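Novice: need a 3D model of the sequence below.
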Amino acid sequence: MTARSRFATLGGAAVLAMLLALPAAAQSLKPDEVLSSIAVSPLSAPNPVRGADGRVHLAYELAVSNASAWFIRLDTLESVDPAGTVLSALSGKDLAAMTLFHAGRDGAIAPGGSATVLLDVSLAADAVLPAQLSARITASRLKDANGTLVPDHSEGPAPAVYTFTGAPVVPGRPAVVVAPPLRGKGWVAVSGCCDALTAHRGAILAINGRQVAPERFAIDWVKLRDDGHLFTGDGTKVTDYAYYGDPILAAADGVVVNVYDGADEQVPGPDAKPTGITPANIGGNMVVIDIGGGAYAFYAHLQRGSLKVGLGDRVKTGDVIGLLGNTGNSTAPHLHFHVMDGTSPLNANGLPYVFTRFSGQGTLAPGSEDELERGKPARIEPRLVGPMTDMLPLNDQVVDFE
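Specialist: Model prediction:
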């Protein structure tokens, strides 16, 4: 067996021990250089957006890969500015709740595994944006002791609990301003931004070897009836939803750069399971419009045959581009809307946007979203209420577009 093959069979802990046996001058680290066991990097730069809570949100993600033989548990993650000031912090169960574990157990990343941490740095409206954000992470190296993960306090230079700062990123450009793509009262911002692991925020994809977060600021828009219900009957027909067929409006001037109009309506309902989904039609019948400045508006799940535009068409704000439907990966009629940095809805990173004007009725109470899908009326709490200008509706907010 060659020396090369012998080294190839050694795990991370063994390699570390070998390196530490070298002469001190060959392997010493400076005080601010920490054996971290994990590599951490941002998927893309955070772009500031003013939410309906009046605060500025910097929503972004950190990709974490464990290149060691230990299980690694993230204990605390602080977002800090260049002076070390803590701008936001997550720890314990709150941190685990905002982490997608791609391989691991008991809240720890497995050896050779990875995770994605979803961050929302929320600042006062008048706060100065940090020139740079970094992640100050406290983590634990764990070992398996008879089926239980426990801190590895083995003697050596790699302590069981350690802290390091890394993953620097510079905030990007501000949110784009667009008009609402819908009209009427009682629209619910389902799976919106920013501080919860929703279906949209958790949609981290790898396309051609690159991780992206296309739906970071996406919203699924559904409309309440005057009685607070989402549908009549049992909700298994698209006509049970009064807003099915509502006109979809261009949110900004632009040029149509991507269209699809080959998906049939899905059968909706509380127990619906979309069929015939492919990478090409997952968004159903859809339109992508180049609205300038490297931003593209995406409208998904439209009715088949309802598209009023084609490739290369120029549109003006407020033009009808199609009708609200239930096509593609959809279990109830809705408009999926987001803005992104490319023409392909899944091969892009989501960009923040604000609507020129809307009014907040309140926010769905915890658990009400699931109840709505089961035919119960919405329970709306008096949060995020009143007229709003140049803001992003937040998760489960109920708004009026007039």
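Novice: please make it C-alpha for all contacts and neighbour counts, starting now.
Specialist: OK.
Novice: can you give me the strands in the stretch 51-200 of the chain?
Specialist: Taking DSSP state E, counting those that start in this stretch as the criterion, the stretch 51-200 of the chain carries its strands at 56-66, 71-80, 86-91, 99-101, 104-105, 108-109, 114-123, 133-145, 148-151, 161-169, 176-178, 184-190.
Novice: can you list the strands that the very next helix or strand once past the last one pairs with?
Specialist: Think strand 184-190. Moving toward the C-terminus from strand 184-190, the next helix or strand (DSSP states H and E) is strand 205-207. Strand pairing for strand 205-207, using DSSP bridges, gives strand 210-212 (antiparallel).
Novice: and the strand it pairs with, which residues are buried?
Specialist: For strand 210-212, the buried set under the neighbour-count rule, 16 or more other CA atoms under 10 Å, comprises 211-212.
Novice: residues touching it, excluding its own?
Specialist: Applying CA atoms under 8 Å, 6 or more residues apart in numbering, the contact partners of strand 210-212 are 43-44, 204-206, 347-349.
Novice: ok, and the most crowded of those?
Specialist: Among the contacts of strand 210-212, the one with the most neighbours (other CA atoms under 10 Å) is N349, at 24 neighbours.
Novice: buried deepest among the strands of the stretch 51-200 of the chain, which one?
Specialist: Using mean count of other CA atoms under 10 Å, the stretch among those with the largest mean neighbour count is strand 108-109, at a mean of 25.
Novice: picking up where we left off before, now mean pLDDT and distance to T389 too, for the strands of the stretch 51-200 of the chain, in a markdown table please.
Specialist: Output for the strands of the stretch 51-200 of the chain, formatted as a markdown table (pLDDT from 0 to 100; distance: least, CA to CA, whole Å):
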| stretch | mean pLDDT | distance to T389 |
| --- | --- | --- |
| strand 56-66 | 98 | 14 |
| strand 71-80 | 98 | 28 |
| strand 86-91 | 98 | 25 |
| strand 99-101 | 96 | 32 |
| strand 104-105 | 93 | 43 |
| strand 108-109 | 97 | 42 |
| strand 114-123 | 98 | 18 |
| strand 133-145 | 97 | 28 |
| strand 148-151 | 96 | 50 |
| strand 161-169 | 97 | 29 |
| strand 176-178 | 98 | 10 |
| strand 184-190 | 98 | 16 |
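Novice: mind checking which of those is nearest I289?
Specialist: Closest approach to I289 among the strands of the stretch 51-200 of the chain (CA to CA): strand 176-178, 12.2 Å.
Novice: circling back to that earlier point, mind putting the strands of the stretch 51-200 of the chain into TSV with distance to T327?
Specialist: Formatted as TSV, the strands of the stretch 51-200 of the chain follow (distance: least, CA to CA, whole Å):
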stretch	distance to T327
strand 56-66	29
strand 71-80	39
strand 86-91	38
strand 99-101	28
strand 104-105	35
strand 108-109	37
strand 114-123	29
strand 133-145	40
strand 148-151	45
strand 161-169	38
strand 176-178	25
strand 184-190	17
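Novice: for the protein, what spans make up the helices?
Specialist: Using DSSP state H, the helices found in the chain span residues 3-8, 12-20, 24-27, 92-97, 368-373.
Novice: quick one: mean pLDDT over the first one.
Specialist: If I follow you right, that is helix 3-8. Mean per-residue pLDDT for helix 3-8: 38.
Novice: now the longest one
Specialist: Average pLDDT, helix 12-20: 47.
Novice: the third one too?
Specialist: Here the mean pLDDT over helix 24-27 is 50, rounded to a whole number.
Novice: could you do the fourth one as well?
Specialist: With pLDDT averaged residue by residue, helix 92-97 scores 96.
Novice: helices or strands next to it in the packing?
Specialist: On a contact count with 3 or more CA pairs under 8 Å, 6 or more residues apart in numbering; DSSP states H and E, helix 92-97 meets strand 71-80.
Novice: just checking, what packs against the strand it packs on?
Specialist: Using 3+ CA pairs under 8 Å, 6+ apart: strand 71-80 touches strand 86-91, helix 92-97, strand 108-109, strand 133-145.
Novice: and of those, who's closest to G192?
Specialist: helix 92-97 (16.3 Å).
Novice: is F358 bridged to anything, and to what?
Specialist: M388.
Novice: any idea how far it lies from A252?
Specialist: Here the criterion is CA to CA, to the nearest Å. By it, F358 lies 16 Å from A252.
Novice: can you check V121 too?
Specialist: Computed as CA to CA, the V121 to A252 distance reads 28 Å.
Novice: and for D396?
Specialist: From D396 to A252 the distance is 24 Å (CA to CA).
Novice: mind listing what the spatially most central residue of the chain touches?
Specialist: Most central in the chain under CA atoms, centre = their mean is R201, positioned 2.0 Å from the mean C-alpha point. Taking CA under 8 Å, 6+ apart, we find R201 in contact with 118, 191-194, 213, 215-217.
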